[in-house]
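*Asks:* the sequence and its predicted three-dimensional model are supplied below.
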There are 2 protein chains.
Amino acid sequence: MKSVEAWKRKMLKNPAFRKEYDALEEEFALANELIGARAKAKLTQAQVARRMGTTQSAVARMESGRKLPSTASLVKYAAATGHKVEIRLTKAR
Amino acid sequence: MKSVEAWKRKMLKNPAFRKEYDALEEEFALANELIGARAKAKLTQAQVARRMGTTQSAVARMESGRKLPSTASLVKYAAATGHKVEIRLTKAR
DNA sequence: ACCGTCTATCGCAATTCTGATATATAGCAA
DNA sequence: TTGCTATATATCAGAATTGCGATAGACGGT
């Protein structure tokens, strides 16, 4: 067992940290969606960027998960990788 | 058959209009998701607004479909109505 | 080691969205 | 009609995101 995992389990018991973590998880999940979509399309960031009408650095930023991208950007990114965006509000766990 | 429907079918054959229409459809679909989530929660715009830490007018704007709300706002809105946001990039039709 | 390709990050101006207030409209009940 | 509640719209300053160039790191091939 990796010590990082132990640390994570312990920290998640802290409510304050937990809140932060959940918010971050949102961003990471989204970043994975993006990277996965681009991988399926077999395109580089630069190629997606050109199709979106923007630059490679902007695409890298979206995939970094350091910022939540706008809905408009998501739609453009999806189109560039041959996908469409689906946004659902499902019952919270 | 309503004449509006006939007009719509005809217009959708126009590629330029079609593009506009698809973009709008995106926003309307999202607005419906939001309104539906709030209806299930049986909350008013003002109640959701207070839970989101914003005002009734901001909630109305999100649901109007006249602007694409930010991802951050979607997350807050979902939480306020007892939901969570799911964003998926699926194969384009 | 050098080169070419792909990705990550920084800083700043420009664009877009948000928060807030005020006001308008619609429906309903007394 | 009056009053009350819920929703819609306008405006504007402030906040957040984007576009862009420059640059650095990572990786594989020669």
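*Replies:* Nice, thanks for sending it over.

*Asks:* can you tell me if the helix or strand A:M62 falls within touches DNA strand C.
*Replies:* Per DSSP states H and E: A:M62 is located in helix A:56-64. Yes: with CB under 7 Å from any atom of the strand as the criterion, DNA strand C is reached by helix A:56-64 at A:Q56, A:S57, A:A60, A:R61, A:E63, A:S64. Using the backbone N, CA and C atoms, a C-beta is placed for each residue, glycine as well.

*Asks:* and that helix, average pLDDT?
*Replies:* Mean pLDDT, helix A:56-64: 97.

*Asks:* list of residues touching that helix?
*Replies:* A:31, A:34-35, A:38, A:44-46, A:48-49, A:52, A:67, A:69, A:73, A:77 (CB atoms under 8 Å, 6 or more residues apart in numbering or on different chains).

*Asks:* ok, the residues of helix A:56-64 next to DNA strand C vs B:I87, which is closest?
*Replies:* Checking the residues of helix A:56-64 next to DNA strand C against B:I87 by CB to CB gives A:E63 as the nearest, at 13.7 Å.

*Asks:* among the contacts of helix A:56-64, who's most crowded?
*Replies:* In terms of neighbours by other CB atoms under 10 Å in any protein chain shown, the contacts of helix A:56-64 top out with A:Y77 at 26 neighbours.

*Asks:* which helices and strands sit right next to the host helix or strand of that one?
*Replies:* A:Y77 is part of helix A:71-80 when elements are defined by DSSP H and E. Packing partners of helix A:71-80 (3 or more CB pairs under 8 Å, 6 or more residues apart in numbering or on different chains; DSSP states H and E): helix A:15-41, helix A:45-52, helix A:56-64, strand A:83-91, helix B:15-41, helix B:71-80, strand B:83-91.

*Asks:* if you rank every helix and strand of chain A by mean pLDDT, what lands last?
*Replies:* Taking mean pLDDT, DSSP states H and E as the measure, chain A has helix A:3-11 as its least confident helix or strand, at a mean of 34.

*Asks:* for stretch A:78-87, give the mean pLDDT please.
*Replies:* 94.

*Asks:* CA atoms only for it, dumped as CSV, please.
*Replies:* Extracted as CSV, the C-alpha positions of stretch A:78-87 are listed here (Å, rounded to 0.1, in the frame of the first residue of the first chain):
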residue,chain,number,x,y,z
ALA,A,78,-15.9,18.6,-28.0
ALA,A,79,-16.7,19.6,-31.6
ALA,A,80,-12.9,19.7,-32.4
THR,A,81,-12.5,16.1,-31.2
GLY,A,82,-15.6,14.7,-32.9
HIS,A,83,-17.7,14.7,-29.8
LYS,A,84,-20.7,16.5,-28.3
VAL,A,85,-21.1,17.7,-24.7
GLU,A,86,-23.7,16.3,-22.5
ILE,A,87,-24.4,18.1,-19.2
